[in-house]
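Novice: Turn this into a model:
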Amino acid sequence: MAQLTRLKTSDNQVEVARLQEELQMRDQLVQQLSQELFRLVKGNQDFLPSPDVSERHQAEVRALREQLQGVETQVAFYQEQIESRDEEIHQMRQTVEELTDRTRMLEQVVQELPKIYKQKFSERMLVVKNRVAHIQQENRQLNAELQNVSYRLAVRTRRTQHCLDLPTFPQSMLGAPSMASFSEA
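Specialist: Okay, the predicted model is just below:
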């Protein structure tokens with residue numbers, strides 16, 4: 001699109017340059033004719049152009065002026081088009097610069113995304129790791145308590161299964177010598 005705009009602008013500039021050259025050449029011809037006419041009239045006061053020759057020259061001058069006005073109108077038209085296109089080009093360049101800046105920014109964001117995701121993931125995982133560590137600690141405590149309770153229960157169970165609950169008699173009922181003989185054995 002930019003090349004098309006440049007080509008059109010280039011073509012318009014070439015056309016304007018050609019028209020300006022043509023206009024300049026006509027201006028020079030008119031100036032040369034008027035100088036020549038002035039020289040002839042000034043140098044020879046007796047020379048007066050005939051009325052029909054003078055009218056013919058005036059008609060040619062009028063025709064040249066009309067052509068000149070037409071060319072000036074065309075030049076003004078082309079100048080307006082050139083200015084309009086230059087403004088479009090300027091706006092497009094600004095748009096391209098803005099889009100380029102935005103593209104760079106987005107590329108930078110895309111390059112930083114893995115770091116950001118890794119950081120966010122680490123932050124979230126830290127909470128999960130802390131929770132898992134807390135649960136594991138609770139689990140170890142519960143296991144220790146369970147083992148302790150299981151051991152105590154096992155000890156009680158063994159005592160009740162292997163040990164007979166013998167009645168305890170007061171010392172007075174038992175004789176002291178019998179106890180001594182029992183201890184000797």
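
Novice: which helices and strands sit right next to whichever strand or helix holds H90?
Specialist: Using DSSP states H and E, H90 maps to helix 51-162. Helices and strands touching helix 51-162, by 3 or more C-beta pairs under 8 Å, 6 or more residues apart in numbering; DSSP states H and E, are helix 2-43. Every C-beta, even on glycine, is put in place using the N, C-alpha and C of the backbone.

Novice: And for L40, the neighbour number?
Specialist: By the criterion of other C-beta atoms under 10 Å, L40 has 11 neighbours.

Novice: next one: S54
Specialist: Based on other C-beta under 10 Å, the number of other residues close to S54 is 12.

Novice: cool, Q74 as well?
Specialist: Around Q74 there are 14 residues (other C-beta under 10 Å).

Novice: contacting residues for it?
Specialist: For Q74, the contacting residues are L19, by C-beta atoms under 8 Å, 6 or more residues apart in numbering.

Novice: returning to that earlier point: just give me how far the helix holding H90 sits from the chain centre.
Specialist: Relative to its chain's centre, helix 51-162 lies at 4 Å (C-alpha atoms, centre = their mean, to the nearest Å).

Novice: angle of it against helix 2-43?
Specialist: Between helix 51-162 and helix 2-43, the angle comes out at 160 degrees (axes from the mean of the first three to the mean of the last three C-alpha atoms, to 10 degrees).

Novice: give me the low-pLDDT residue ranges for this structure?
Specialist: The model of the chain has pLDDT under 70 over residues 1-7, 41, 43-53, 161-185.

Novice: Point to the residue nearest the middle of it.
Specialist: For the chain, the residue nearest the mean C-alpha position is R102 (2.9 Å; C-alpha atoms, centre = their mean).

Novice: quick one: it from E15, how far?
Specialist: To E15, R102 is 37 Å away according to C-beta to C-beta, to the nearest Å.

Novice: same thing with S84?
Specialist: In terms of C-beta to C-beta, S84 sits 15 Å off from E15.

Novice: the more surrounded of these two?
Specialist: Taking neighbours as other C-beta under 10 Å, S84 and E15 compare with E15 leading, 15 against 10.

Novice: contacting residues for that one?
Specialist: Residues near E15 by C-beta under 8 Å, 6+ apart: Y78.

Novice: What of the one 5 residues further on?
Specialist: When contacts are counted by C-beta under 8 Å, 6+ apart, Q20 is found next to V75.

Novice: and R85, how many residues sit next to it?
Specialist: With neighbours defined by other C-beta under 10 Å, the count for R85 comes to 15.

Novice: so it makes contact with N12?
Specialist: Yes: counting by C-beta atoms under 8 Å, R85 touches N12, with 7.2 Å between them.
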